[in-house]
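1. Sequence and predicted structure, then a few things I'm wondering about:
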Amino acid sequence: MSLLSRRRLLRTVGTGLSTAAVGGAAAVAAAPAAAAAPREAPADAVGMLYDATKCIGCKACVAECTKVNDLAPDTELSGGLWQMPADLNPQTKNVIKLYADEATGRTSFVKRQCMHCVDPACVSGCPFNALAKGPQGIVGWDGERCIGCRYCEVSCPFEIPKFEWKQFNPRIVKCELCRHVLARDGQPGCTRVCPTGAVVFGRRDLLLADAKARIATSPGVYHQDRVYGEKEAGGTQVLYLSHVPFEKLGLPTLSERAIPAGTRHGGVLVKFVAFPVVLYGVFLRFFRRNWKVHEAEVARVKAEQGLEEQL
Ligand code: SF4
Ligand code: SF4
Ligand code: SF4
């Protein structure tokens with residue numbers, strides 16, 4: 001699905017602004033309650049548990065993710081020979097990276113994709129609810145609502161959503177936990193093909209219990225005996241175990257507070273103030289470009305007229 005059509009854009013902008021107005025008033029009225037109650041994962045929330053100690057870096061998950069999501073393989077680094085994404089990008093929803101510490105000789109692979117946050121900053125940052133938490137807490141993108149403002153991209157503390165800059169009708173690309181195949185396959189593509197069980201799919205509460213059981217039965221193996229994602233940024237539905245510090249794997253050090261919880265009023269401000277500013281910027285750019293075309297055309301006509309007078 002791609003970005004919305006022009007007619008739909010106008011309808012969405014209208015609906016979005018009125019929703020923001022109503023929602024803003026309601027949010028302001030309900031402010032003390034919203035600040036007091038952190039959001040919880042739904043009881044049936046699903047997610048993934050990635051255990052870096054089990055990952056062999058085969059990248060079967062990367063290849064299957066590309067296939068199941070109908071994406072073009074990123075072959076840029078290999079000169080067009082094979083799939084070799086350096087990081088998440090508009091063609092890559094899932095990437096395996098290598099951490100290597102030369103001083104200690106320690107290495108680890110890390111799988112990166114959307115964390116499916118319990119209280120996602122991308123969802124609260126989107127002025128038109130194009131990103132939303134759906135059934136089982138999966139964070140999905142709706143091209144019929146998206147206007148391409150990229151607020152989700154700048155809101156995400158994990159730097160996950162990617163905008164298709166090179167496309168005529170761009171999408172926001174990120175892992176959606178393979179929601180389009182869950183009913184058919186029972187699990188996402190990456191967990192289905194992983195040969196070592198380094199990444200597994202299931203209910204978040206069961207995955208968390210599994211992760212804690214692994215820590216309990218393997219003392220001294222896991223970093224800080226901690227599950228990353230249990231509490232970070234209000235909790236995520238993708239959980240990590242690692243034998244090296246999480247920040248070495250590119251997982252940011254975050255407080256337990258959900259980002260939208262601290263910016264809930266900021267979000268309303270964004271919807272009321274920042275969004276019109278962005279719209280103004282877009283229109284300004286459009287008119288500037290057209291004005292330049294107009295000026296060039298006037299100059300051309302004048303030059304032609306001058307030529308005719310000389311003749
Ligand atoms: S990781 Fe980023 S894109 Fe994914 S749900 Fe959380 S805030 Fe949204
Ligand atoms: S859940 Fe699906 S979209 Fe997400 S990383 Fe795995 S295969 Fe890719
Ligand atoms: S398929 Fe499994 S073992 Fe292979 S790279 Fe992906 S997570 Fe690691």
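-> Right, received. Where do you want to start? Ligands and ions are numbered 1, 2, ... in the order given.
2. Now do the helices for the stretch 201-311 of the chain: every range, in order, please.
-> Under the criterion DSSP state H, counting those that start in this stretch, the stretch 201-311 of the chain carries helices at the ranges 204-217, 259-269, 275-310.
3. Kindly tell me how buried residue 185 is, as a neighbour count.
-> When counting by other C-beta atoms under 10 Å, one arrives at 14 neighbours for residue 185. C-beta: built from backbone N, CA, C; applies to glycine.
4. how much space between the closest residue to it other than its chain neighbours and residue 91?
-> Of all residues beyond its chain neighbours, the one nearest residue 185 is residue 192 (6.2 Å), with distances taken as C-beta to C-beta, 6 or more residues apart in numbering. Between residue 192 and residue 91 the computed distance is 21 Å (C-beta to C-beta, to the nearest Å).
5. which residues touch the residue of the stretch 201-311 of the chain at minimum distance from ligand 2?
-> In the stretch 201-311 of the chain, the residue that lies nearest ligand 2 is residue 201 (7.6 Å; C-beta to the nearest ligand atom). Going by C-beta atoms under 8 Å, 6 or more residues apart in numbering, residue 201 touches 46-48, 187-188, 191.
6. Go through the residues you listed and flag which are in helices.
-> residue 191 (DSSP state H).
7. Reformat the contacts of residue 201 as TSV; add neighbour count and distance to ligand 3.
-> As requested, these are exported to TSV (neighbours: other C-beta atoms under 10 Å; distance: C-beta to the nearest ligand atom, whole Å):
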residue	neighbour count	distance to ligand 3
46	23	18
47	28	15
48	27	10
187	17	13
188	26	12
191	22	8
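8. Among the contacts of residue 201, which one lies nearest to ligand 2?
-> residue 188 (3.2 Å).
9. Can you pull the residues of this structure lying near ligand 1?
-> Within the chain, the residues that sit near ligand 1 (C-beta under 6 Å from any ligand atom) are 114-117, 120-122, 139, 156, 158, 160-161, 174.
10. Can I have the buried ones of those residues as a PyMOL selection?
-> A single PyMOL command selects the buried members of these (16 or more other C-beta atoms under 10 Å):
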select buried, resi 114+115+116+117+120+121+122+139+156+158+160+161+174
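11. so who does residue 200 touch?
-> Residue 200 is in contact with 48-49, 191, 194, 207, 210, counting by C-beta under 8 Å, 6+ apart.
12. Out of these, flag the one nearest to residue 104.
-> residue 49 (25.8 Å; C-beta to C-beta).
13. got a list of what the nearest residue to that closest one once chain neighbours are set aside touches?
-> Among residues not flanking residue 49 along the chain, residue 207 sits closest, at 4.2 Å (C-beta to C-beta, 6+ apart). By C-beta under 8 Å, 6+ apart, residue 207 lies in contact with 47-49, 200, 239.
14. Relative to residue 134, which of these is nearest.
-> For the contacts of residue 207, the nearest to residue 134 is residue 47 (13.4 Å; C-beta to C-beta).
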